[in-house]
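Peer 1: Turn this into a structure:
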Amino acid sequence: MRRTLRLVALTWWLHVKMLNRSAFDTLLTIVWPLFFATIALLLYRMEGDADALTYAAFGAGVMTIWTAISSTASAILLRERGSGTLELLVAAPVPFSVSIVSMVLAVSTIGGYGMAATLVWSAVVFGVDIAIAQPLLFAVAVVVTLVSFAVIGFILSVTVVRYRAAWALGAAFEYPVWLVCGFLVPVALLPDWLRPVSWLLPPSWGMAAVRAAVAGQVPGKELLACAVLVVVYAAAGVWLAGTFLHSARRHATLSLR
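Peer 2: Modelled structure (predicted):
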């Protein structure tokens, strides 16, 4: 266990540094969050409601994490394949899933920066009051939300092992997920048939936990539901990774570009 945690920490730190040196990823994490936040706040400011602005600011902040995951995490193994290092990851004695999770956690960390930048931008430029009534619970909710995004990014990334164009899934799911999870639009406003889909996605509960902590409530139910779904999604991701990897080996398609 100690060796595994050390591996995860070292891989996480290595990929954080690599992402910080990528022009594309740097632009994505610096400009894109501010772009989303500006549009959302301009729309909500028309209502003249301070609470609505706060709602939009935190929703846009969490949405930037998903943007980083959907666009970057889904292409992690595509980059490894293009660099010729995917075979080394597969042949390494470390479980393949552990290597991928470490990379996705690095992307989630960068997304956490995007959330912080969005909140600062909202407060400085738009004068949004981002006072947090439960700072400790808010920090816990943010961490759990980051992990929930990471497990979804994990599932998106492992599909690239078997399907070379699977990276496009991240771009295709970006807008539907932030809409269904209630980042900028309350889940209560969604059609009745769509709400169960929201309940099955861990970021929905993570977003609800963040909002509850900001409002001074104790998000116990939300955190528990998010944690349970994280475990379920992580188990599904490990199973998919093993299945797709076995299929790629069987059909000799691991290194195909």
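Peer 1: From now on I want contacts and neighbour counts done on CA atoms only, so please keep to that.
Peer 2: Will do.
Peer 1: helices or strands up against the helix or strand that contains Ile155?
Peer 2: Assessed by DSSP states H and E, Ile155 sits inside helix 135-158. When contacts are defined as 3 or more CA pairs under 8 Å, 6 or more residues apart in numbering; DSSP states H and E, helix 135-158 packs onto helix 50-72, helix 76-83, helix 96-126, helix 202-214, helix 220-251.
Peer 1: For the next helix or strand after that helix, which outside residues touch it?
Peer 2: Per DSSP H and E, helix 135-158 leads on to helix 168-180 as the next helix or strand towards the C-terminus. With contacts defined as CA atoms under 8 Å, 6 or more residues apart in numbering, helix 168-180 is touched by 63, 66-67, 69-71, 74, 156, 184-185, 187, 190, 194-195, 197-198, 204.
Peer 1: can you give me how far helix 168-180 is from the chain middle?
Peer 2: Offset of helix 168-180 from its chain centre (CA atoms, centre = their mean, to the nearest Å): 11 Å.
Peer 1: average model confidence for that helix?
Peer 2: Average pLDDT, helix 168-180: 77.
Peer 1: same thing with stretch 241-250?
Peer 2: 79.
Peer 1: in stretch 68-86, what's buried?
Peer 2: Using 16 or more other CA atoms under 10 Å as the test for burial, stretch 68-86 gives 68-78, 81, 86.
Peer 1: between those residues, which is nearest Ala23?
Peer 2: Closest to Ala23 out of the buried residues of stretch 68-86 is Thr72 (12.7 Å), distances taken as CA to CA.
Peer 1: which one of the helices and strands packed on helix 135-158 has the lowest average pLDDT?
Peer 2: helix 76-83 - the lowest mean pLDDT of the helices and strands packed on helix 135-158, at a mean of 75.
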